[in-house]
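**Student:** Provided below are the primary sequence and the corresponding predicted coordinates.
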Amino acid sequence: MSNDTLSKGALSNSTLLQNATGPIEFKMTNDYMFRAVCQKNELVLKGLICSLLNLSETELKSIVIQNPICLGEAIHDKDIILDLHILLNDEKRLNIEMQVANEGDWCERSVFYLCRSFCQLQKGKLYLDTLPTVQIGILNFSLFPDSPEFYARNLLMNSKTHEVYSSKIALHVLSLESTDLATDEDRACKLDYWAKLFKAKTWEDMKMLAKNNTALHEAAVTLRELSADEKIRLQCEARERYEMDQRAILENGVRQGIKQGLEQGIEQGTKRQKELDAAIIAEKNKALSEKEKALFEKDKEIAALKTKLDQT
């Protein structure tokens with residue numbers, strides 16, 4: 001393809017974005033759209049990685065997506081995980097995933113992904129040859145509501161001295177719900193802009209956010225281009241339906257659990273009440289029995305006194 005053709009294509013897509021107005025139907029919080037934009041446009045992926053890892057563009061020599069998908073083709077396995085497995089500069093592995101719904105298992109799930117990516121040592125290689133691996137979760141919820149954080153970088157370290165045990169594994173969490181907690185470092189890396197871009201509801205908002213940044217602008221342009229692709233739209237719809245079904249299953253499970261818990265609670269409460277009632281009745285019967293015994297003894301004493309009086 002000639003440079004002229006590429007230029008015309010870029011111009012056409014840019015014009016498509018300029019003319020876009022109103023609500024964004026499929027935001028980048030849709031995991032399929034997120035994957036499609038990052039896979040379609042390497043400049044977007046580079047810009048995002050630079051922000052997430054606080055790198056300069058010159059430090060990124062190569063980015064290889066190790067699990068590419070055929071964009072637009074139907075995903076027959078609806079339970080597929082649309083995370084990005086990336087080999088960075090042939091020396092570091094990244095696993096990046098967009099996660100909208102809080103299924104209550106992110107900590108365990110992210111550790112599992114991290115270990116799976118880390119454990120890829122080829123036969124005959126030394127343990128020292130294992131590549132540093134970073135698991136990055138972009139979450140549309142706060143992982144720890146009691147101590148919210150915009151961008152957390154978690155390492156394996158000594159709990160007393162805080163000395164890092166190994167710098168080869170790390171878990172990063174970007175919370176799209178906590179942009180107001182972005183630090184100066186986060187803002188310098190434009191991470192807060194990326195978070196707002198992912199959640200932008202209108203094209204006007206997105207264009208404003210992407211105005212003065214090449215990578216963000218490329219993300220907006222690519223999102224608009226893919227939004228006009230019927231095959232991509234169908235896959236985004238399928239993912240949204242799947243997520244809705246999963247939430248419904250989860251909510252139904254929670255409701256059933258609550259119902260069963262209430263029923264068990266009522267049953268246990270009734271059983272306990274019966275036990276208490278029986279204990280109270282037993283105590284009352286015991287008290288009555290003791291009173292009757294005391295009265296009987298009194299009657300015996302009175303009868304004995306009466307007999308004695310009669311004899312005198």
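**Tutor:** Ah, there it is. Numbering: from 1, shown residues only.

**Student:** what's the single longest strand in this structure?
**Tutor:** Of all the segments of type strand in the chain, defined by DSSP state E, the longest one is strand 164-175.

**Student:** could I get stretch 15-31 in CSV with only the CA atoms?
**Tutor:** Only the C-alpha atoms of stretch 15-31 are listed here, as CSV (Å, rounded to 0.1, in the frame of the first residue of the first chain):
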residue,chain,number,x,y,z
THR,A,15,-12.5,13.3,9.4
LEU,A,16,-14.8,10.5,10.6
LEU,A,17,-13.9,11.4,14.2
GLN,A,18,-14.3,15.1,13.6
ASN,A,19,-17.9,14.5,12.4
ALA,A,20,-18.8,12.2,15.3
THR,A,21,-21.2,13.6,17.8
GLY,A,22,-23.5,12.3,20.6
PRO,A,23,-23.2,9.2,22.7
ILE,A,24,-20.5,6.6,22.2
GLU,A,25,-22.3,3.3,21.8
PHE,A,26,-19.3,1.0,22.6
LYS,A,27,-16.8,2.6,24.9
MET,A,28,-13.4,1.2,25.4
THR,A,29,-14.6,-0.3,28.7
ASN,A,30,-16.1,-3.0,26.4
ASP,A,31,-13.3,-5.6,26.6
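
**Student:** Buried residues, that stretch. List them.
**Tutor:** Neighbour-count burial for stretch 15-31 flags Leu17, Ala20, Ile24, Phe26, Lys27, Met28, Thr29, Asn30, Asp31 (criterion: 16 or more other Cβ atoms under 10 Å). For every residue, glycine as well, the C-beta is placed using N, CA and C.

**Student:** list the contacts for the first one?
**Tutor:** Going back to what we said before, that points to Leu17. Neighbour list for Leu17: Trp203, Lys207, Ala220, Val221, Arg224 [criterion: Cβ atoms under 8 Å, 6 or more residues apart in numbering].

**Student:** secondary structure class for it?
**Tutor:** Secondary structure assignment for Leu17 (DSSP: H, G, I helix; E, B strand; the rest coil): helix.

**Student:** State the number of residues packed around the closest residue in space to it that isn't next to it in sequence.
**Tutor:** Once flanking residues are discounted, Leu17 sits nearest to Arg224: 4.4 Å by Cβ to Cβ, 6 or more residues apart in numbering. Counted with other Cβ atoms under 10 Å, residues neighbouring Arg224 total 21.

**Student:** Equivalent analysis for Ser110, please.
**Tutor:** Neighbours of Ser110 (other Cβ under 10 Å): 22.

**Student:** Need the three-state assignment for it.
**Tutor:** helix.

**Student:** Return the per-residue confidence for Met206.
**Tutor:** We have a pLDDT of 95 for Met206.

**Student:** which element is it on?
**Tutor:** Per DSSP states H and E: Met206 is located in helix 203-209.
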